[in-house]
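Participant: need a structure here:
(one chain, ligands or ions: 2)
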Amino acid sequence: MFEPQTFLNYIGGEWKAASSNMVEASMNPANRHETVGYIQQSTLDDLEEAVGAAKAAKMGWRKLSGPARGEFLFKAANQVEQRLDEIAEMMTREMGKTLPEAKGETARGVAILRYYAGEGMRSIGEVIPSTDSAALMFTSRAPLGVVGVITPWNFPVAIPIWKMAPALIYGNTVVFKPAQETAVTAALIMECFHAAGLPAGVINMVTGDGGLIGQAMADHPDIQGITFTGSNAVGKKVGQSALARGAKYQLEMGGKNPVIVARDADLDLAVDATISGGLKSTGQKCTATSRVIVHTEIYEAFKTKLLDKVQNIRLGSGLETATWMGPLASEKQYRTVLSYITNGVEEGGTLLCGGGKGQGQDLEAGYFVEPTVFENISSSMTIAQEEIFGPVLALMKVDSLEEAIEIANDVKFGLSASIFTRDISTMLTFLQDIDAGMVRINAESAGVELQAPFGGVKQSSSGSREQGQAAIDFYTDIKTVFVKA
Ligand SMILES: NC(=O)C1=CN([C@@H]2O[C@H](COP(=O)(O)OP(=O)(O)OC[C@H]3O[C@@H](n4cnc5c(N)ncnc54)[C@H](OP(=O)(O)O)[C@@H]3O)[C@@H](O)[C@H]2O)C=CC1
Ligand SMILES: O=C(O)CCC(=O)C(=O)O
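Facilitator: Ligands and ions are numbered 1, 2, ... in the order given. Below is the predicted model:
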């Protein structure tokens with residue numbers, strides 16, 4: 001029998017109840033009657049305390065050497081690795097993705113921590129020849145100070161870690177506000193940082209309402225940088241608030257990612273990648289495939305193969321081994337996705353499969369939506385334009401590569417895009433003409449590698465990149481140094 005526990009805020013190296021004395025239940029989206037844990041409903045006083053602790057710890061942390069900071073991250077990685085099964089199971093219970101996906105994500109968290117631990121030993125600047133031959137000119141990097149980390153629920157381990165690990169290694173202290181939907185999983189990650197022995201105040205977590213705590217972080221004069229992943233509506237507000245007070249900000253937001261299936265594509269490969277990219281994590285990835293743009297000549301063959309597989313997808317609790325696709329993460333997400341499906345039908349799309357609530361007794365208590373495929377979708381329709389964040393694929397038929405790219409680019413987003421083709425000139429045209437930060441050839445639109453830059457163009461991102469060595473650009477400022485004896 002699963003016993004829900006109460007999780008506290010983490011401030012100044014201590015576990016603390018919110019000053020409101022109020023907690024919120026975090027629910028299992030596969031069974032809305034099951035409480036996963038209780039998390040704090042923090043107030044602005046709690047945030048103030050956390051920012052104060054991060055500010056007080058700033059100078060001591062910054063003065064440690066990079067390798068010394070790296071040691072703490074290696075220890076945190078070991079902690080997460082030791083508790084991998086427990087953390088992954090909690091993630092599945094709290095957010096709904098299947099256990100293998102949750103384990104993969106937690107393992108990714110371990111690898112990200114180790115990658116950035118190693119960054120503590122790598123170069124942070126370059127020597128530049130001065131016009132004065134007696135001088136030494138070089139660049140160095142300085143941390144921003146206190147960094148605010150605001151994260152969503154869809155990757156409750158990987159996203160917080162890929163923001164906090166580079167923030168820490170480059171010498172910043174952190175105030176972290178996870179999404180309420182997955183704050184229990186976030187608390188387990190904080191336990192790992194605590195066990196790694198980071199100095200008090202270097203990392204802090206405050207859970208609570210995004211409109212209150214998240215917004216106050218964006219507005220806070222003692223937070224020098226804000227990194228955010230989530231919706232465009234909130235991201236814009238966070239960016240505007242940070243800009244208004246001269247703080248640095250980094251926003252990773254939505255996607256409306258296309259896969260183009262060219263007439264010479266390996267159809268089996270393209271079908272598997274469309275399903276994996278579009279429906280894994282129940283379509284709740286910013287990199288998820290949403291529009292499937294298929295050449296007329298192979299359209300029917302592709303459609304038949306796709307439907308054959310999608311119709312056999314097994315829904316259920318992510319904790320069960322037979323399950324391929326879990327529930328949506330929350331009631332809000334469930335209602336949003338069902339309303340997009342209704343809208344797709346109303347605007348003239350044809351439902352090829354799915355479109356409804358998950359059927360069956362074991363699905364009744366959860367936020368299950370059937371894997372859904374539409375056809376007869378034109379680019380102006382709402383479901384071809386807006387991020388659905390659910391298990392919905394829209395098939396679109398085209399007569400040429402040029403038309404496919406035009407449709408692919410005809411959205412406000414530009415995160416990830418993929419093409420299936422064997423032809424090198426088709427690949428090159430796609431590479432050059434597609435508006436996307438992540439361009440993938442013969443590979444699904446989702447999936448990122450932690451050592452490579454990640455981010456989008458247009459309204460998918462604020463322009464900066466996360467992960468890999470690109471992270472240093474956000475988490476530090478360049479200092480250009482000129483020395484003359
Ligand atoms: N790019 C991506 O990876 C993601 C995209 N999305 C998109 O956003 C849609 C809605 O999801 P939702 O969870 O509501 O996303 P939000 O953008 O509301 O949430 C993301 C994070 O921001 C916090 N937040 C909410 N309001 C504010 C605010 N005013 N200032 C600062 N922080 C705030 C949230 O807190 P809390 O929720 O705890 O109150 C959460 O921690 C999805 O359907 C999807 O389209 C969502 C998640 C991830
Ligand atoms: O595709 C991935 O693995 C990462 C996706 C992501 O960053 C997101 O959905 O927020």
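Participant: which residues touch Val398?
Facilitator: Ile293, Val294, His295, Thr296, Ala404, Ile407 (CB atoms under 8 Å, 6 or more residues apart in numbering). For every residue, glycine as well, the C-beta is placed using N, CA and C.
Participant: if we use 10 Å, what do you get?
Facilitator: 260-263, 293-296, 299, 404-408 (CB atoms under 10 Å, 6 or more residues apart in numbering).
Participant: check contacts around Thr372.
Facilitator: 278-279, 283, 310, 337-338, 340-341, 344, 351-356, 383, 388, 390-394 are the contacts of Thr372 under CB under 10 Å, 6+ apart.
Participant: the same query, at a cut-off of 7 Å, please.
Facilitator: Applying CB atoms under 7 Å, 6 or more residues apart in numbering to Thr372 gives the contacts Ile341, Cys353, Gly354, Gly355, Pro391, Val392.
Participant: still on that earlier bit, can you turn the buried part of the contacts of Val398 into a ChimeraX selection?
Facilitator: Per 16 or more other CB atoms under 10 Å, the buried members of the contacts of Val398 correspond to this ChimeraX selection:
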select :260,261,262,263,293,294,295,299,404,405,407,408
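Participant: among the contacts of Val398, name the ones in helices.
Facilitator: Judged by DSSP state H, those include Thr296, Tyr299, Ala404, Ile405, Glu406, Ile407, Ala408 as members of helices.
Participant: what's the pLDDT at the closest residue in space to Met427 that isn't next to it in sequence?
Facilitator: Distances taken as CB to CB, 6 or more residues apart in numbering place Ile441 nearest to Met427, at 5.3 Å, with adjacent residues excluded. pLDDT for Ile441: 98.
Participant: returning to that earlier point: closest to Ala167 among the ones in helices among the contacts of Val398?
Facilitator: Among the ones in helices among the contacts of Val398, Ala408 lies closest to Ala167 (CB to CB), at 33.7 Å.
Participant: isn't that closest one up against Val259?
Facilitator: No. Assessed by CB atoms under 7 Å, Ala408 is found out of contact with Val259, at 8.9 Å.
Participant: joint contacts of the two?
Facilitator: By CB under 7 Å, 6+ apart, no residue touches both Ala408 and Val259.
Participant: who are the neighbours in contact with Ala187?
Facilitator: Phe7.
Participant: that one and ligand 2, how far apart?
Facilitator: 20 Å (CB to the nearest ligand atom, to the nearest Å).
Participant: sketch out the low-pLDDT regions of the stretch 101-250 of the chain for me.
Facilitator: Within the stretch 101-250 of the chain, the set of residues satisfying pLDDT under 70 is empty.
Participant: is stretch 155-162 anywhere near ligand 1?
Facilitator: No. Using CB under 6 Å from any ligand atom, we find that stretch 155-162 stays clear of ligand 1, coming within 7.2 Å at best.
Participant: near ligand 1, which residues of the stretch 251-400 of the chain are found?
Facilitator: Glu252, Met253, Gly254, Cys286, Gln333, Thr336, Glu387, Phe389.
Participant: for the first one, name its beta-bridge partners.
Facilitator: Which is Glu252. Thr229, Ser461 (DSSP bridges).
Participant: is it true that it touches Thr229?
Facilitator: Yes. Under the contact definition of CB under 7 Å, Glu252 touches Thr229, with a separation of 4.3 Å.
Participant: among those two, which residue is more densely surrounded?
Facilitator: Neighbours were counted for Glu252 and for Thr229 using other CB atoms under 10 Å; Glu252 has more, 27 against 24.
Participant: how deep is Asp222 tucked in, by neighbour count?
Facilitator: Neighbours of Asp222 (other CB under 10 Å): 15.
Participant: so who does it touch?
Facilitator: Val51, Lys55, Val146.
Participant: try it again at 10 Å.
Facilitator: Per CB under 10 Å, 6+ apart, neighbours of Asp222: Glu48, Val51, Gly52, Ala54, Lys55, Lys58, Gly145, Val146, Gly148, Val175, Ala247.
Participant: the fourth one touches Gly12, doesn't it?
Facilitator: Yes. In terms of CB atoms under 10 Å, Ala54 counts as a neighbour of Gly12; the distance is 8.6 Å.
Participant: can you tell me if stretch 281-301 touches ligand 2.
Facilitator: Yes. Using CB under 6 Å from any ligand atom, stretch 281-301 reaches ligand 2 at Lys285, Cys286, Thr287.
Participant: nearest residue to the first one other than its sequence neighbours?
Facilitator: In this case it means Lys285. Spatial nearest neighbour of Lys285, excluding adjacent residues (CB to CB, 6+ apart): Ala446 at 5.0 Å.
Participant: measure the one you found to Val481 for me?
Facilitator: 42 Å (CB to CB, to the nearest Å).
Participant: and Lys309, by the same measure?
Facilitator: In terms of CB to CB, Lys309 sits 58 Å off from Val481.
Participant: same check, this time on Phe176
Facilitator: Taken as CB to CB, the span from Phe176 to Val481 is 32 Å.
Participant: with Val80 instead?
Facilitator: From Val80 to Val481 the distance is 37 Å (CB to CB).
Participant: can you tell me the element Ala270 falls in?
Facilitator: In this structure, Ala270 sits in helix 267-279 according to DSSP states H and E.
Participant: thank you kindly, that will do.
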